[in-house]
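> Dropping the sequence and predicted coords here.
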Amino acid sequence: MTPTQPTTSERPANRPARSEGRTGRQAERATRSTSPQAIRTDPPRSGHRTGRRIIGLAIGVVLLGAVCALSLFVGSASLGPGEVMSALTGTADPIIHSTVVEMRLPRALLGVLVGAALGVSGALAQALTRNPLADPGILGVNAGAGLAVAVAVAFFGITSISGYVWFAFAGALLSFVLVYTIALRGPHGATPVRLTLIGVALTAVCTGITQSLELVLPRVFDQMRFWGVGSIADRPGGTVAFVAPFIVVGLVVAMLTGRAVNAISLGDDRARALGVPIGLVRGTSALAITVLCGAATAAAGPIAFVGLMIPHAVRLVTGPDHRWIMAYSVVAAPILLVVADIIGRLVAWPTELRVGIVTAFLGAPVLILLVRRAERGAM
């Protein structure tokens with residue numbers, strides 16, 4: 001008689017099934033992979049990412065220095081390296097010395113300051129409102145500051161930057177508060193599209209009033225005809241020295257709010273759970289935006305789209321951490337502004353286009369793309 005094979009239930013207890021053996025080995029591997037020893041031996045990915053961010057920031061600083069140096073050579077009168085170096089050392093011809101030291105160097109420095117102010121204020125506005133379309137120009141902040149400057153020139157006879165910068169601060173703060181307050185009254189709160197529409201409407205109103213003052217009062221037109229389109233050229237003497245302290249203070253305040261802004265960007269409830277004083281952070285951030293936009297607008301006029309483009313661009317490298325976003329914006333936004341200024345000198349040589357016109361050409365397609373993505377719900 002042929003013996004019968006034992007069934008599965010008749011197997012000895014010391015012989016587990018193959019599937020059971022595989023399950024046991026998988027559990028053992030999972031246990032080993034999550035043990036404290038295994039966790040300690042894993043490479044720290046955050047450290048590698050921080051290192052890449054630092055390297056990228058250093059590359060950006062070098063690139064910023066290169067474009068600033070290039071801006072000293074380009075203009076209606078092209079200069080060679082030897083002429084620029086002799087002008088910087090004080091051994092050049094008086095005309096070359098005046099062109100480089102008194103015109104092009106302050107222009108480049110002002111581009112760095114204004115670019116950093118607009119880039120960081122845009123990143124902070126996007127984080128504070130949780131609105132990817134937020135920008136000092138789109139939200140009406142720059143236009144409000146410009147209208148305040150026009151009022152200062154028209155009705156108070158103020159023509160120096162040291163006088164009308166305070167009006168620019170007041171106009172920037174009032175515009176920001178007005179747009180955000182009106183947007184909150186909607187049925188769904190301050191949504192990105194609602195903030196954008198209200199900001200565009202306020203910008204149109206402020207721009208219309210400013211242009212009306214320029215048409216009615218010739219002295220306002222003479223004072224603001226180039227400033228009104230956004231320009232870092234032909235600024236009054238001492239502009240860089242005057243606005244630099246305001247912009248530096250605004251940048252420092254913005255950087256100090258980075259960690260708290262990261263929490264607020266996750267939502268007010270989570271921020272409260274983490275112990276973040278939401279009211280204090282929002283007030284401090286609004287103050288930083290006001291100082292940065294007010295000083296930048298008083299110095300160079302209402303330049304749009306820089307604060308919109310740069311945060312989105314650097315976010316591709318830094319990720320969602322606003323501390324790094326603002327740090328990169330300090331470098332990347334001046335690069336964009338100085339490059340736009342150089343392009344404006346070249347495309348209409350020997351005359352030039354103002355930097356505000358060039359940034360508008362560059363930024364308008366970006367805004368259209370972002371709005372289309374917002375409509376599709378990608379944001």
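Okay, I see it.

> contacts and neighbour counts: CA atoms only from here.
Will do.

> hang on, isn't L72 packed against R107?
No. Counting by CA atoms under 8 Å, L72 does not reach R107; the two are 9.1 Å apart.

> in the stretch 101-250 of the chain, which spans are helices?
105-129, 141-156, 161-184, 192-216, 218-224, 239-256 (DSSP state H, counting those that start in this stretch).

> Which neighbouring elements make contact with the first one?
In other words, helix 105-129. When contacts are defined as 3 or more CA pairs under 8 Å, 6 or more residues apart in numbering; DSSP states H and E, helix 105-129 sits against helix 45-73, helix 239-256, helix 258-264, helix 278-300, helix 306-318, helix 322-347.

> Try it again at 7 Å.
In this structure, helix 105-129 makes packing contacts with helix 45-73, helix 239-256, helix 278-300, helix 306-318, helix 322-347, judged by 3 or more CA pairs under 7 Å, 6 or more residues apart in numbering; DSSP states H and E.

> May I see the ones you listed arranged in CSV, with mean pLDDT and mean neighbour count as well?
Formatted as CSV, the helices and strands packed on helix 105-129 follow (pLDDT from 0 to 100; neighbours: other CA atoms under 10 Å):
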stretch, mean pLDDT, mean neighbour count
helix 45-73, 89, 15
helix 239-256, 94, 18
helix 278-300, 89, 24
helix 306-318, 88, 22
helix 322-347, 94, 24
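
> Tell me which of those approaches A154 most closely.
Distance to A154, taken as CA to CA, is lowest for helix 278-300 among the helices and strands packed on helix 105-129, at 15.1 Å.

> So which elements touch the closest one?
helix 105-129, helix 141-156, helix 161-184, helix 239-256.

> Give me the contacts around the last one.
By CA atoms under 7 Å, 6 or more residues apart in numbering, the surrounding residues in contact with helix 239-256 are 106, 110, 113, 117, 161, 285, 288, 291-292, 295, 299, 323, 326.

> for the longest one, same thing?
Outside helix 105-129, the residues within contact range by CA under 7 Å, 6+ apart are 68, 71-72, 132-136, 232-233, 240, 244, 247, 261, 265, 282, 289, 292-293, 296, 306-308, 310-311, 326, 329-331, 333-334, 337-338.

> Of the helices of the stretch 101-250 of the chain, which shows the lowest average pLDDT?
Mean pLDDT per stretch puts helix 218-224 lowest among these, at a mean of 79.

> follow-up on the earlier one: now, among the contacts of helix 239-256, which is nearest to I182?
Among these, S285 lies closest to I182 (CA to CA), at 18.9 Å.

> and that closest one, what does it touch?
Residues near S285 by CA under 7 Å, 6+ apart: A254.

> Okay, it and T91: tell me how far apart.
Separation of S285 from T91 (CA to CA, to the nearest Å): 46 Å.

> Over to Y180?
54 Å.

> if we can go back for a sec, any chance of CSV for the helices and strands packed on helix 278-300, columns distance to A204?
Output for the helices and strands packed on helix 278-300, formatted as CSV (distance: least, CA to CA, whole Å):
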stretch, distance to A204
helix 105-129, 19
helix 141-156, 8
helix 161-184, 12
helix 239-256, 26
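
> closest to L369 out of the ones you listed?
Smallest distance to L369 across those (CA to CA): 16.6 Å, for helix 105-129.

> In the host helix or strand of M85, which residues are buried?
Here M85, judged by DSSP states H and E, is contained in helix 81-89. By neighbour count with 16 or more other CA atoms under 10 Å, helix 81-89 contains the buried residues 83-84, 87.

> Please tabulate those in TSV, including the columns pLDDT and distance to A168.
Listed next are these as TSV, based on pLDDT from 0 to 100; distance: CA to CA, whole Å:
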residue	pLDDT	distance to A168
E83	86	38
V84	87	35
A87	86	35
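
> out of these, which one sits closest to T257?
Distances from T257 to the buried residues of helix 81-89, taken by CA to CA, are shortest for V84, at 40.3 Å.

> Any figure for the gap between the closest one and P320?
Counting by CA to CA - V84 and P320 are separated by 41 Å.

> What is the neighbour count of R130?
18 (other CA atoms under 10 Å).

> surely it meets S265?
Yes. R130 lies in contact with S265 (CA atoms under 7 Å); the separation is 6.0 Å.

> thinking again about what came up before, do you know which of the helices and strands packed on helix 278-300 lies nearest T210?
Going by CA to CA, the one of those nearest T210 is helix 141-156, 5.4 Å.
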